[in-house]
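1. Provide a 3D model corresponding to the input given below.
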Amino acid sequence: MVALIFLVTGCGRLQFFSSGESALQQAKDKKSVVIGFANEKPYAYQENGKVTGEAVEIAKKIFKKQGITNIKPVLADFGSLIPGLKAGRFDVITAGMYITPERCKQVTFANPEYNIGEGLAVQKGNPKNIHSYEDIAKKPDSTIAVMKGAIEESYMKDVGVKKSQITIVPDQPTAVSLLDSGRVDGVTMTGPSLLAILKSANAKNVSVVKDFKQPIIDGKEVRGIGAAAFRPEDKDFVKIYNKGLAELKKSNELYETIHPFGFTKADLPGDEKATEICKQPQPK
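-> Model (predicted):
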């Protein structure tokens, strides 16, 4: 599933911490924040020299109300976002990253921005007759491309897809290119991501599986719940972000922000908090 990274130099960060200032106070003092992103449509991506996406635009609105108007995006592989955040390369991940109990052990998530399902694209005509992750598991000669660090890899393994069937790629365009050239049998990512990347890609041999069946894990249909992520020690940052997000939800501005990126009202988050999601059992 793309995220923005806000960079802060190692020297600068050490100096600030030694003076007792939090990451939030540093950002307010500088009116600047470094965000990490993974170039994944429609969450956070670079286009025509500008970084945008649902997660990015939400972050911009929330930070602006705090007087933080200078957004510094840093591009990284999706799988490098959490390590980069923990290492201090940026202040927040705004990549629409799914909240999972495993990730909750490493970062602190803000509250949800969306609640969506998965999507699958195949070669035109769907020659392997794939309509679900379970179908992939039943066809050991089929191969599926998925972005490094994305939750879809875990979902597929949970329903029996073998590691040898999964081709890990650095980004969405690479996945679509492999499918379009026939080097894999399918690509999977979140539904909005899939529609967005195929809209912009010149892929002539690719089509979306419209009757795709969402994966059932531990008897429950899985849904992706995405949010911004912070370092565990940056509790004040999370607090102001959650407050700003709640204001966007109440005013309907959250929907107005994410709708241009292909999200519908059915994709809006409920009232569940990130802390509650983090406590839920991880599918085995």
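2. just how off-centre is stretch 257-266 within its chain?
-> Distance of stretch 257-266 from the chain centroid (CA atoms, centre = their mean, to the nearest Å) equals 15 Å.
3. Could I get the average pLDDT for that stretch?
-> Averaged across stretch 257-266, pLDDT comes to 92.
4. what distance separates the start and the end of that stretch?
-> Counting by CA to CA, to the nearest Å, you get 14 Å between the two ends of stretch 257-266.
5. buried stuff in it?
-> The neighbour-count check on stretch 257-266 (16 or more other CB atoms under 10 Å) flags Thr257, Ile258, Phe261, Gly262, Phe263 as buried. C-beta coordinates here come from the backbone N, C-alpha and C atoms, glycine included.
6. cool, stretch 62-81 as well?
-> For stretch 62-81, a neighbour-count test (16+ other CB under 10 Å) marks 62-63, 66, 68, 71-78, 80-81 as buried.
7. starting at the chain centroid, how far to it?
-> Using CA atoms, centre = their mean, the offset of stretch 62-81 from its chain centre is 14 Å.
8. Also stretch 116-135?
-> Distance of stretch 116-135 from the chain centroid (CA atoms, centre = their mean) equals 21 Å.
9. Can you get me the start-to-end distance on it?
-> Stretch 116-135 has an end-to-end distance of 21 Å (CA to CA).
10. And for stretch 22-35?
-> In stretch 22-35, first residue to last residue: 16 Å (CA to CA).
11. what about the strands in the stretch 101-250 of the chain?
-> Ranges of strands within the stretch 101-250 of the chain are 108-109, 114-116, 118-123, 144-147, 166-169, 186-190, 206-208, 216-217, 220-221, 224-230, based on DSSP state E, counting those that start in this stretch.
12. Would you point to the one among the ones you listed that's packed deepest?
-> Most buried of these by mean neighbour count (mean count of other CB atoms under 10 Å) is strand 186-190; its value is a mean of 27.
13. which other helices and strands contact it?
-> Judged by 3 or more CB pairs under 8 Å, 6 or more residues apart in numbering; DSSP states H and E, strand 186-190 is in contact with strand 118-123, strand 144-147, helix 151-158, helix 172-180, helix 191-200.
14. Against which helices or strands is the lengthiest helix in the chain packed?
-> If you go by DSSP state H, the chain has its longest helix at helix 235-250. If you count contacts as 3+ CB pairs under 8 Å, 6+ apart, helix 235-250 packs onto helix 23-30, helix 54-64, strand 108-109, strand 224-230, helix 253-258.
15. what's the least confident stretch among the ones you listed?
-> Averaging pLDDT over each of the helices and strands packed on helix 235-250 puts helix 23-30 lowest, since it has a mean of 92.
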